[in-house]
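Chemist: Provide a 3D model corresponding to the input given below.
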Amino acid sequence: MNEKILIVDDDDGVRQVLGESLQDAGHRVSSAESGEKAIATVREEAFDLVILDMVLPRVDGMAVLKDITTLRPELPVIMITGYASVETAIKAMKMGAVDYIVKPFRMEEVELVVGKALERSHLRRENVYLRRQLETTYGVHNIIGQSPLMRRIFALIEQVASSRSTVLITGPSGTGKELVARALHFNGDRRDRPFVSVNCGGIPDSLLEDELFGHVKGAFTDAVADRPGRFEAADTGTLFLDEIGNMSMSLQIKLLRVLQEREFMPLGGTRKVQVDVRIIAATNIDLKKMMEEGKFREDLYYRLNVIHMQLPSLRERCEDVPLLIHHFLNKYCREMNVPTKRFAPEALKALMEFSWPGNVRQLENVIERAVALSFSKEELGPEDLPREILDEGMVEMPVLHVGGDGFSLDEVLANYEQRMLYQALEHAGWVKTRAAELLKIKRTTLIEKMKRLGIPLKGTSERAAGAASSAEAEGSERVTDPGANN
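Modeler: Okay, the predicted model is just below:
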């Protein structure tokens with residue numbers, strides 16, 4: 001156990017009996033004979049529990065309890081009283097004591113009360129630790145970026161984090177909308193309350209209503225017990241509705257009613273449930289366009305869009321790419337327990353010049369892949385990057401100069417054509433039929449070009465060969481690029 005307990009009592013006999021018994025139980029024990037000494041000791045040392053006598057000379061136990069709860073709010077205090085009065089016990093509990101024991105006491109009773117108080121103390125410390133971990137993980141400082149666009153996002157998060165107002169976060173896929181939603185929650189007044197996330201696009205419409213509002217027993221065939229929904233789970237906290245643009249019109253009406261009335265009816269229920277929930281919604285869809293097309297309710301849009309946060313694509317804040325590369329490189333080296341790596345200049349140049357259509361999520365995946373496939377290397381080169389990263393810039397075309405030696409047009413065109421084929425195959429998942437469609441050529445023409453340009457039709461490794469044969473069996477007709485990881 002090894003918990004540290006402070007006993008505060010002006011009776012030497014009580015201090016001795018309690019101290020010896022608790023030490024025999026495996027605890028470390030300190031003692032104080034007065035309130036003044038107790039307060040000074042708590043100020044200087046860390047304890048897991050205080051056992052405090054209600055009646056002390058000069059400064060009584062109630063005053064000491066008040067000072068301890070002010071100094072160490074997380075420190076549990078058990079009161080000792082010689083008066084078996086309910087009023088005294090209730091008063092102490094209201095002031096912050098977790099329990100009390102009555103003189104004359106039995107040590108079995110004391111050990112039981114101490115055990116419960118220490119268990120509560122452990123849970124409280126664990127909750128504090130988990131909250132700090134969440135704040136560390138989802139704090140504003142964990143969102144990487146120094147560009148003007150991101151600085152405006154940071155300022156807005158700090159400004160509205162403690163507000164109750166609904167927030168609508170928009171932006172392309174992979175820009176970190178959920179990360180911003182969590183930052184809003186964990187940097188606001190509701191940080192100690194639940195954060196509940198629902199992906200409205202990942203749940204069939206028939207199940208989404210039950211997921212959000214829950215049901216009562218007997219609401220439908222399989223409803224064998226009451227089941228609270230996400231709204232109820234998020235009570236006093238935050239509900240994050242991702243991909244809100246995929247919600248059906250019928251559910252939009254019910255969501256609007258909850259936003260207006262702060263209450264809802266579970267499926268099959270007869271009583272309304274009141275909730276205090278802050279809504280943060282996110283979408284990569286143009287909701288204004290959906291409104292014009294009659295696919296999204298105008299009244300719901302304005303209810304959600306009280307505070308609007310538009311997240312920029314990665315190409316709009318390209319100055320943040322080096323910071324993100326450094327962050328993800330360190331992150332995955334730590335997670336995979338490998339020495340810190342660096343990118344060679346030519347690989348870094350390719351990463352900087354790529355357009356990142358998948359935004360930050362795509363960049364993170366690329367860095368994770370590079371670290372995972374190069375455990376023995378300190379420097380990561382172009383060969384450690386997916387081919388699509390290298391192919392975007394294509395080949396630099398040579399320039400003819402008067403009096404120069406010239407160049408081979410056939411070699412330049414062949415090189416360019418090879419890169420285009422590799423890029424199409426990469427985008428098509430190495431399915432030849434799909435790649436041919438992207439290039440607007442016949443599949444047989446693609447195969448002829450691959451043979452001519454030295455692009456292998458089959459993988460060279462055993463794993464690639466197995467994957468290829470499996471793909472052929474499924475009719476997907478894949479080819480494997482030995483220089484890329486899919």
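Chemist: from residue 253, how far out is residue 361?
Modeler: Using C-beta to C-beta, to the nearest Å, we find residue 361 at a distance of 32 Å from residue 253. Any C-beta I mention is one placed from the backbone N, CA and C, and that applies to glycine too.
Chemist: neighbour count for the two, which is higher?
Modeler: It is residue 361, of residue 361 and residue 253, that has more neighbours when counted by other C-beta atoms under 10 Å, with 15 against 12.
Chemist: any idea how far residue 175 is from that one?
Modeler: Remark: distance between residue 361 and residue 175 (C-beta to C-beta) = 8 Å.
Chemist: what does residue 439 give?
Modeler: With distances taken as C-beta to C-beta, residue 439 is found 30 Å from residue 175.
Chemist: more neighbours, these two?
Modeler: Comparing residue 439 with residue 175 by other C-beta under 10 Å, the one with more neighbours is residue 175, at 23 against 18.
Chemist: state the helix or strand in which that one lies.
Modeler: Counting by DSSP states H and E, there is no helix or strand that carries residue 175.
Chemist: pLDDT below threshold where in this structure?
Modeler: Within the chain, the ranges that satisfy pLDDT under 70 run 1, 83-86, 89, 127-141, 392-407, 412, 426, 458-486.
Chemist: okay, domains of it per the record?
Modeler: 4-133, 139-310, 315-385, 409-473 (automatic domain parsing).
Chemist: how about stretch 45-65: buried residues?
Modeler: By 16 or more other C-beta atoms under 10 Å, the buried positions in stretch 45-65 come out as 47-54, 56, 61-62, 64-65.
Chemist: in JSON lines, list the residues you listed along with distance to residue 247 and secondary structure.
Modeler: Converted to JSON lines, these look like this (distance: C-beta to C-beta, whole Å; DSSP: H, G, I helix; E, B strand; the rest coil):
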{"residue": "47", "distance to residue 247": "51", "secondary structure": "coil"}
{"residue": "48", "distance to residue 247": "48", "secondary structure": "coil"}
{"residue": "49", "distance to residue 247": "50", "secondary structure": "strand"}
{"residue": "50", "distance to residue 247": "52", "secondary structure": "strand"}
{"residue": "51", "distance to residue 247": "55", "secondary structure": "strand"}
{"residue": "52", "distance to residue 247": "55", "secondary structure": "strand"}
{"residue": "53", "distance to residue 247": "60", "secondary structure": "strand"}
{"residue": "54", "distance to residue 247": "58", "secondary structure": "coil"}
{"residue": "56", "distance to residue 247": "62", "secondary structure": "coil"}
{"residue": "61", "distance to residue 247": "57", "secondary structure": "helix"}
{"residue": "62", "distance to residue 247": "54", "secondary structure": "helix"}
{"residue": "64", "distance to residue 247": "56", "secondary structure": "helix"}
{"residue": "65", "distance to residue 247": "51", "secondary structure": "helix"}
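Chemist: and residue 202, how close does it get to residue 33?
Modeler: Distance, residue 202 to residue 33, by C-beta to C-beta: 63 Å.
Chemist: list the buried residues of the strand or helix carrying residue 410.
Modeler: Secondary structure assignment for residue 410, by DSSP H and E: helix 409-427. Within helix 409-427, the residues scored as buried using 16+ other C-beta under 10 Å are 418, 419, 420, 421, 422, 423, 424, 425, 426.
Chemist: make sure the first one is actually in contact with residue 452.
Modeler: No: counting by C-beta atoms under 8 Å, no contact exists between residue 418 and residue 452, whose distance comes to 9.4 Å.
Chemist: export stretch 151-161 as PDB, just CAs?
Modeler: Below are the C-alpha coordinates for stretch 151-161, written out as PDB (Å, rounded to 0.1, in the frame of the first residue of the first chain):
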ATOM      1  CA  ARG A 151      -3.000  31.600 -35.600                       C
ATOM      2  CA  ARG A 152      -6.500  32.900 -36.200                       C
ATOM      3  CA  ILE A 153      -7.900  29.400 -35.500                       C
ATOM      4  CA  PHE A 154      -6.000  29.200 -32.200                       C
ATOM      5  CA  ALA A 155      -7.200  32.700 -31.200                       C
ATOM      6  CA  LEU A 156     -10.800  31.700 -31.900                       C
ATOM      7  CA  ILE A 157     -10.500  28.500 -30.000                       C
ATOM      8  CA  GLU A 158      -9.300  30.300 -26.900                       C
ATOM      9  CA  GLN A 159     -12.000  33.000 -27.300                       C
ATOM     10  CA  VAL A 160     -15.000  30.700 -27.600                       C
ATOM     11  CA  ALA A 161     -13.800  27.500 -25.700                       C
END
